[in-house]
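Peer 1: missing the sequence, but the structure's below:
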């Protein structure tokens, strides 16, 4: 069992993606909370960012496997709303559709740090912009739409920035989108020929924007046997 463990650590620290100028490596996990706002894009609101923002909050778990690579899991609650009467075009004024929907969105994904995020106890301060993407699922908590689905798959992606204040605490901000594979969140059917449906066209989108704070709950440091001489981070 020990030989398998050491072989894994050797492989991890010697892969090119893990190659930094140093002998010591650290794998650590952060648990935190998120708070901000959420909004919707779709048939009622095709393009206006931050339209009718609602309350959003949740929890996130980040497993830092190298200075540039992080695995993440999160679950966010968000409120979304739209009203045709908020828009001036004649078609929407005539249609007069509106909705309010609350979701719990969970996803697992990958996070890439543009700068080396050396979140070790030897280097407590670290910062980096990042991008993320993954696969997720949206569960409908409540809605004014009568025939809405109970839930649906989504593709999450977004950008953010994080800063570690000390070995145990970090904080940041992120802006993420969720492409949902459904078109009934707003109660407005996909426009087009009657009876037709395009899987990729006119799906409803969700967005979460906010700040987060995380606390380190696990850390394991080890030395890579590929380096015989001690080398410190630069």
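Peer 2: Everything's here; your move. All values derive from a computational prediction rather than experimental measurement. Numbers count the residues shown, from 1 in each chain.
Peer 1: rest of the way, CA atoms for contacts and neighbours
Peer 2: Will do.
Peer 1: quick check: residue 186 is in a strand.
Peer 2: No - going by DSSP: H, G, I helix; E, B strand; the rest coil, the assignment for residue 186 is coil, not a strand.
Peer 1: and for it, the neighbour number?
Peer 2: Neighbour count of residue 186, defined by other Cα atoms under 10 Å: 26.
Peer 1: hmm, it is touching residue 145, no?
Peer 2: Yes - using Cα atoms under 8 Å, residue 186 makes contact with residue 145 at a distance of 6.9 Å.
Peer 1: overlap in contacts of those two?
Peer 2: When contacts are counted by Cα atoms under 8 Å, 6 or more residues apart in numbering, residue 186 and residue 145 are jointly contacted by 99-101.
Peer 1: just these now: which is nearest residue 31?
Peer 2: Nearest to residue 31 among those, counting by Cα to Cα, is residue 101 at 27.6 Å.
Peer 1: so what's the closest one bridging to?
Peer 2: residue 80, residue 143 (DSSP bridges).
Peer 1: and for the one 10 residues further on?
Peer 2: Residue 111 has the following beta-bridge partners by DSSP bridges: residue 70, residue 132.
Peer 1: so it sits right up against residue 117, yeah?
Peer 2: No - contact criterion Cα under 8 Å: residue 111 and residue 117 do not qualify, at 11.5 Å.
Peer 1: with neighbour numbers in mind, choose between those two.
Peer 2: The neighbour comparison of residue 111 against residue 117 (other Cα under 10 Å) goes to residue 117, with 25 against 22.
Peer 1: quick check: the gap between the more buried one and residue 159.
Peer 2: Separation of residue 117 from residue 159 (Cα to Cα, to the nearest Å): 15 Å.
Peer 1: ok, now which ones touch the closest residue in space to residue 216 that isn't next to it in sequence?
Peer 2: Residue nearest to residue 216 in three dimensions, not counting chain neighbours: residue 30, with 4.3 Å by Cα to Cα, 6 or more residues apart in numbering. Residue 30 makes contacts with 61-64, 214-218, as judged by Cα under 8 Å, 6+ apart.
Peer 1: the same query, at a cut-off of 7 Å, please.
Peer 2: Shown in contact with residue 30 (Cα atoms under 7 Å, 6 or more residues apart in numbering): 61-63, 214-217.
Peer 1: which among those residues count as buried?
Peer 2: Buried members of those, counted by 16 or more other Cα atoms under 10 Å: 61-63, 214-216.
Peer 1: dump the residues you listed into a markdown table; add secondary structure as well.
Peer 2: Output for the buried ones among the contacts of residue 30, formatted as a markdown table (three-state DSSP):
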| residue | secondary structure |
| --- | --- |
| 61 | strand |
| 62 | strand |
| 63 | strand |
| 214 | strand |
| 215 | strand |
| 216 | strand |
